[in-house]
Each structure stands twice: as structure tokens, then as C-alpha cells.
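Engineer: no FASTA, just this:
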């Protein structure tokens, strides 16, 4: 016996009711999950991305030279050797001028929603550095090898916050090297520099290290956070924090507030020091001696 039209209609109504009920139960949860993942992340290149393609650290944008292995993407299929991308939950603190807020939320670095309308990095096009709010750090034009330089970091902090910075001194596409030069900082160049609450502008000293040239480009990461990363690193228990990343995706390891900014920095050559040649020194000395002798002779004649 086959169902009549009335029975079919009731079956369709029942199915529609079940679908509506399931939708009412699931969709709010999905919307909640989407709202919850409102992060702030970096925009350096990384080969550990959602698309499984290689990105270039040097030169930025390719052609492929030095492979990029920076921890940037928060939800990659496979994490970089240094963990997942540094990330911050949404909050009132940020890097940049106080006219802000000078940061924008995103779902991740290379996919999903981004308030800037363009993702921070595009791995398929090998295009990094697309976050429109990297404006919290002023670098000196010259980073003298084994000298002292100062970076200026400005922003707004909702309490006692900390600045950390990483420089890829040996230009190998990561921030995990402990000792590169005999004179300079390791790649975690600024470690938990405390800034005051409110609007701040601080000058932070660093010791640059250039195994190659003083003018080689270098990827830099600067992070403002409400946590001391030295504490989170816990003397090596979570080495990803010491390399500019986090040990596993959120919820538990994203920083509660703050911002991360990544820069592709090209320093200028330091001014050349004037070093006179020995011949010039001898000629100058003889000239001075002649003047002294001439002055003595004039004095005796008088």
C-alpha cells in the first residue's frame, strides 16, 4: 500500500520541521564559533600555510630564494617547526598612534574573514605583508652591526603590558636562532620590555647582528601582550614562544590582548668613517712642524 497525497504532505512537513529545528540548534553555535575566533595575527610569509605552497622570506615575494618558515598561520594543516602563528584575542590594547584603534581583526592570516578585506598573506601569490595596520614601530634607518640602535615602540596598553621583538639576523627564514654573532643579541632581541599603562612611546635598545651585509633585508616581528612571554616560555618548556609563535592553536595559547606587527625592513648602510692614510698623516705633520718653525723664527727676529 503506497502513501496517499495527504500522508506525503505530512511527511514533508515533518521533515521540514526537523530541518528547521536542527538549523535553530546548529546555526547559533556556528555563529558563536565564528564570533569567538576574532583574532589579531601577523603578516610575515610562511610555507606552513593553509594551501601547502612555499613562500619566500628573501627576497620578499619571490622568486624563491630563502624559504619562509615563520610561525604565522594560526590554523595550518601542519604547524611550522616553531609552532603556530602568534595570535591575540580581541581587546582594547594595540600598537600604533593613539588616534586608533590601530589594528584589525581576522579569522586567520591566510583565509577567512579579515576586516581589512584582504588577508594578511596570500600564499598562492607568494604575497606577504598585507596587514594595513603595521604602524606601531619606528626603526632607525641604520642598524650598525655589533653597534647599539634604538627602536621606538608606541601604542596603547590597558595595564602593565610587555613588548617582545624578533629579528631574523642570519636571514634563514625563522626567528629561532639563539646565537648568530659574537657581539649581538640572539634573534629574540627584545624580551618582555615593560611599558606603562595608557598611551606610551618607549625607546628600546637592541644590538644588531649582520653576518652578511649591513643592508640585507630582515624580517622583524614586534608583539605587545598582557603576558610575559619569558614566563609562558617557562625556560624551554614551550620554545615556540621564544621563536615568535605559540605551541598550539587557541583557545589556551593565544594572548588575551595586544597586537603583533611584522615588518620587512631594509636598513641603510652606516656612514663611512674617515680614516686618514699614513701618507696624509705624515704630510700634515710635516706641514704643522713647518708652521711651528716659521712661528718660532718670526718670534726670534722680533
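Structural biologist: Yep, that arrived. Please read these numbers as outputs of a predicted model, since none were measured by experiment.
Engineer: how about low-confidence regions in this protein?
Structural biologist: 1-37, 100-101, 184-185, 250-251, 273-302 (pLDDT under 70).
Engineer: go with 80
Structural biologist: Applying pLDDT under 80 to the chain flags residues 1-37, 100-101, 184-185, 250-252, 270-302.
Engineer: so where do the strands sit in this protein?
Structural biologist: Using DSSP state E, the strands of the chain run over residues 39-41, 56-58, 66-67, 84-85, 87-89, 94-95, 137-138, 149-157, 161-167, 188-195, 198-206, 218-225, 245-246, 258-265.
Engineer: Could I get those strands in TSV, plus columns for mean neighbour count?
Structural biologist: Heads up, the C-betas are built off the backbone N, CA and C, glycines and all. What follows is these, written out as TSV (neighbours: other C-beta atoms under 10 Å):
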stretch	mean neighbour count
strand 39-41	26
strand 56-58	22
strand 66-67	16
strand 84-85	28
strand 87-89	23
strand 94-95	26
strand 137-138	16
strand 149-157	20
strand 161-167	25
strand 188-195	18
strand 198-206	14
strand 218-225	26
strand 245-246	28
strand 258-265	24
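Engineer: how about JSON lines for those, with distance to residue 125 added?
Structural biologist: What follows is the strands of the chain, written out as JSON lines (distance: least, C-beta to C-beta, whole Å):
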{"stretch": "strand 39-41", "distance to residue 125": "18"}
{"stretch": "strand 56-58", "distance to residue 125": "11"}
{"stretch": "strand 66-67", "distance to residue 125": "16"}
{"stretch": "strand 84-85", "distance to residue 125": "19"}
{"stretch": "strand 87-89", "distance to residue 125": "23"}
{"stretch": "strand 94-95", "distance to residue 125": "26"}
{"stretch": "strand 137-138", "distance to residue 125": "26"}
{"stretch": "strand 149-157", "distance to residue 125": "30"}
{"stretch": "strand 161-167", "distance to residue 125": "25"}
{"stretch": "strand 188-195", "distance to residue 125": "30"}
{"stretch": "strand 198-206", "distance to residue 125": "32"}
{"stretch": "strand 218-225", "distance to residue 125": "18"}
{"stretch": "strand 245-246", "distance to residue 125": "23"}
{"stretch": "strand 258-265", "distance to residue 125": "16"}
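Engineer: Residue 123 is nearest to which of the ones you listed?
Structural biologist: Set against residue 123 and scored by C-beta to C-beta, the strands of the chain come closest in strand 56-58, at 10.4 Å.
Engineer: Paired strands for that closest one, with orientation please.
Structural biologist: Strand 56-58 sits in its sheet next to strand 66-67 (antiparallel), going by DSSP bridges.
Engineer: The strands of the chain: which one's closest to residue 173?
Structural biologist: strand 56-58 (3.8 Å).
Engineer: roughly how far out does that closest one sit from the chain middle?
Structural biologist: 14 Å (C-alpha atoms, centre = their mean, to the nearest Å).
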